[in-house]
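In: Sequence first, then the predicted structure:
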Amino acid sequence: MKTSSLKRSAVTLSFLLPILLFFSFAMLVPFLMGIQVSFTDWNGLSRTMNYIGLENFKNIFISPDVLIPLKNTVLYGLMYVVANNVLALTLALALNRQFRGRNASRLIFFIPNALSPVLTAFVFSFIYKDLFSELFGIQSLFSSTGTALIGIVLLAVWHNVGINMLIYLAALSGVPKDLYEAATVDGAGAWQRFANVTLPMIVPAFTVCITLSLTSGLREFAFPLVATGGGPVRSTETLAIYIYNYLFAYNKAGYGQALAFVFMAFLLIVGLTVSRLLRRKEIEA
């Protein structure tokens, strides 16, 4: 028994070891090296670096320059969470019915998620610039500081809504049909069935979708970088782009690494807090 158990453990380890080595090389080692860099004034190019203690971290909290990307990040995250989940739940409710072509419709709404974010950003840049001006006579959403962030939200929702739609569909398929029948017998209308039967039964799906949407929205990078480069006038510059600029464009890798670690802590706190609050709602429901 012990010999067979050891053999199974050895086989399991042989499958896990390449993955663990790759993870260590690609993630763990750079992470540990980044901790060291965050306490230096390294420019990302020179072979030497000077330790400056907590100076980089102090500059983050006293610099007014970080307030613009912080505001953009929070505003984008909130708009993205609301738009994504409202549309995903609406699509899930519509596609949860029995009709011809239901599976094909689900596939159509999920296909954008398989596209590259870079390709999506280029396509929407063309749509906003050329099609909108030709069909509706309006300028590109990316050309104005008041609409650029909204334009990023629209293309991100179009690209990512399929994931949340499938999660809501899975939750809706698990709602017992007899609950709807009992509510109908009691005289409940469509809205009452939705509010008193559907919503309480899919609260766990809200926990997953809202938490994932919020954390992914707060760390958005590819869409604004490709579509606008953070412009116009920094109106779409998120914290992820701000960190990227300091790491690679401004040659201030030490400060950029410190920003990255503070941002990571911010995401962990927000994600864990939102998840815990929503799980409490699951218990109450």
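Out: The structure has been received and is ready for your questions. Numbers count the residues shown, from 1 in each chain.
In: Which residues are in contact with the closest residue to Gly146 other than its chain neighbours?
Out: Once flanking residues are discounted, Gly146 sits nearest to Ser235: 7.8 Å by C-beta to C-beta, 6 or more residues apart in numbering. The C-beta positions use only the backbone N, C-alpha and C, and glycine is treated the same way. Ser235 makes contact with 72, 145-146, 148-149, 228, according to C-beta atoms under 8 Å, 6 or more residues apart in numbering.
In: Now, those that are in helices?
Out: The members of the contacts of Ser235 that map onto helices under DSSP state H are 72, 148-149.
In: export those residues to a markdown table and tack on distance to Tyr255, pLDDT and neighbour count?
Out: What follows is the ones in helices among the contacts of Ser235, written out as a markdown table (distance: C-beta to C-beta, whole Å; pLDDT from 0 to 100; neighbours: other C-beta atoms under 10 Å):
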| residue | distance to Tyr255 | pLDDT | neighbour count |
| --- | --- | --- | --- |
| Asn72 | 19 | 95 | 24 |
| Ala148 | 26 | 93 | 25 |
| Leu149 | 25 | 94 | 23 |
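In: Which member of these is positioned nearest Asn251?
Out: Distance to Asn251, by C-beta to C-beta, is smallest for Asn72 among the ones in helices among the contacts of Ser235, at 23.2 Å.
In: The closest one against Glu237, yeah?
Out: Yes. Shown here, Asn72 and Glu237 form a contact pair, counting by C-beta atoms under 8 Å, at 5.8 Å.
In: what touches both of those two?
Out: When C-beta under 8 Å, 6+ apart defines a contact, no residue borders Asn72 and Glu237 alike.
In: How about the helix or strand hosting Asp178, which residues are buried there?
Out: Using DSSP states H and E, Asp178 maps to helix 177-185. Within helix 177-185, the residues that qualify as buried are Ala183, counting by 16 or more other C-beta atoms under 10 Å.
In: next structured bit after that helix?
Out: Assigned by DSSP H and E, the successor of helix 177-185 is helix 190-193.
In: can you list contacts of that following helix?
Out: Applying C-beta under 8 Å, 6+ apart, the external contacts of helix 190-193 come out as 180, 183-184.
In: same thing with stretch 172-183?
Out: 92-93, 96, 192-193, 196-198, 201-202.
In: mean confidence score for that stretch?
Out: Averaging pLDDT along stretch 172-183 yields 84.
In: Please report the distance of Ile210 from Ile202.
Out: 12 Å (C-beta to C-beta, to the nearest Å).
In: how about the nearest residue to Phe39, chain neighbours excluded?
Out: Leaving aside its chain neighbours, Phe39 sits nearest to Tyr51 (5.7 Å; criterion: C-beta to C-beta, 6+ apart).
In: Pull up the per-residue confidence for the one you found.
Out: Per the predicted model, pLDDT is 92 at Tyr51.
In: With the one 3 residues further on instead?
Out: Here, the pLDDT recorded for Leu54 equals 92.
In: Who's the closest spatial neighbour of it, skipping the chain neighbours?
Out: Nearest to Leu54 is Phe39, by C-beta to C-beta, 6+ apart, at 7.4 Å.
In: Wait, that neighbour touches Ile52, no?
Out: Yes. Counting by C-beta under 8 Å, Phe39 does reach Ile52; the two are 6.8 Å apart.
In: Can you list the buried residues in the helix or strand encompassing Leu154?
Out: Assigning secondary structure by DSSP H and E places Leu154 in helix 148-173. Residues of helix 148-173 classed as buried by neighbour count (16+ other C-beta under 10 Å): 148-169, 171-172.
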